[in-house]
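>>> Provided below are the primary sequence and the corresponding predicted coordinates.
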Amino acid sequence: MANVLVTGGAGFIGSHLVDALLREGHRVVVVDNLSNGKIENLNRQALFYQQSIQDEEMMERVFMLHHFDYVFHLAAQASVSVSVKEPVKDAMSNIVGSLVLLEKSVKYGVKKFIFSSTGGAIYGDDVPVPTNEEVCPKPVSPYGIAKRSVEMYLDFFKKEKGLDYVSLRYGNVYGPRQDPNGEAGVVAIFTSRMLKNEEVHIFGDGEYVRDYVYVSDVVEANLLSLKPEVSGIFNIATGVGTTVNQLFKMLAELTNYSKEPVYAEPRKGDLRKSILDCSKAEKLLGWKPKIDLKTGLALTLEFFKSGG
Ligand SMILES: O=c1ccn([C@@H]2O[C@H](COP(=O)(O)OP(=O)(O)O[C@H]3O[C@H](CO)[C@H](O)[C@H](O)[C@H]3O)[C@@H](O)[C@H]2O)c(=O)[nH]1
């Protein structure tokens, strides 16, 4: 049993991770400012601080009080498009906030820092697909730049201060509790719109390819990162590409949606193709995705049907 901090523990991925850590018997503290996270997502067995990770004084107190063995850092400004519109806001949360946590983790002897990074926004276009971790990142959005920056700080803190880390570069994560409001998270958006029989918009020609990974598989990768021998950067996705048109069709079948999609202007900055090579995670983490897209979409649909 370990003392664990989960930042962003009321969010989509974070709240599932908190549930899993509690099931495994860990003592879990959550820090979340509820900017994206929802109190309904939060497991009541976790100790909760509603505060920003940028608040150094408060974070100092939390670290001093709880003697964390591990930090899972998921709190973030999570929208790529917001990062383009408001790069300062993005950097304050995603770079400065992360740095505060890194400093406190060193000061209070955290054994390992597990960071939620991005595979979708870090490599850029014009890279070989499936893309492996050796490919030099060329992020094209402030969001991707910030995530890559934190990975570089992680390297620095490891070399200079001895803080061990794992950075998990996720594909397009989907599943229950993903928020359909806003621009990101196509599975949540399509599912909730189809259930209400509303119009569904496809940006561009619908041939944009993504690597969709189910949230419980992402949680599993986080849990496996606790193994002492595991360290470094790992892609976490499926290696399978799916177009938006294919996704539309699968979800329309599952929800009995009969409207045609409405094709709209391509979204600025959208990558054409993102598929991640996850063989490193398989070899060194002992991780493999268990839920294929069809099963994952059905599970997600159940959640949205039961009130979302
Ligand atoms: O209503 C919509 C919403 C999305 N899309 C398309 O669906 C695909 C996926 O879009 P998302 O917004 O779901 O996700 P992104 O691929 O833009 O992924 C980015 O946003 C994600 C948030 O869910 C993660 O942060 C990820 O790391 C980051 O690369 C894109 O081709 C997009 O154009 C539509 O056609 N219609």
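Ah, there it is.

>>> can you give me the end-to-end span of stretch 36-56?
20 Å (C-alpha to C-alpha, to the nearest Å).

>>> oh, I was asking about stretch 86-98
18 Å.

>>> the stretch 151-300 of the chain against the ligand: which residues are in contact?
172, 184-186, 189, 201-203, 208, 210, 244, 267, 270 (C-beta under 6 Å from any ligand atom). Using the backbone N, CA and C atoms, a C-beta is placed for each residue, glycine as well.

>>> what do you get if the cut-off is 5 Å, keeping everything else the same?
Contact residues, the stretch 151-300 of the chain versus the ligand (C-beta under 5 Å from any ligand atom): 184-186, 189, 201-203, 208, 244, 267, 270.

>>> which one of the residues you listed is nearest Val219?
Val219 lies nearest to Gly185 out of these, by C-beta to C-beta, at 16.8 Å.

>>> quick one: average pLDDT of stretch 234-241?
Summarised as a single mean, pLDDT over stretch 234-241 is 98.

>>> the chain should start at 26 in everything you say after this.
Okay, using 26 as the starting number, the last item reads as stretch 259-266.

>>> using PDB, write down the CA coordinates of that stretch.
Provided in PDB are the C-alpha atoms of stretch 259-266 (Å, rounded to 0.1, in the frame of the first residue of the first chain):
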ATOM      1  CA  PHE A 259       5.900   5.000 -23.600                       C
ATOM      2  CA  ASN A 260       3.300   5.300 -26.300                       C
ATOM      3  CA  ILE A 261      -0.100   4.100 -25.000                       C
ATOM      4  CA  ALA A 262      -2.600   3.400 -27.800                       C
ATOM      5  CA  THR A 263      -3.500   0.400 -29.900                       C
ATOM      6  CA  GLY A 264      -1.500   0.700 -33.200                       C
ATOM      7  CA  VAL A 265      -4.800   0.500 -35.000                       C
ATOM      8  CA  GLY A 266      -6.000   3.500 -37.100                       C
END
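
>>> hmm, Pro155 is touching Ser299, no?
No: counting by C-beta atoms under 8 Å, Pro155 does not reach Ser299; the two are 9.4 Å apart.
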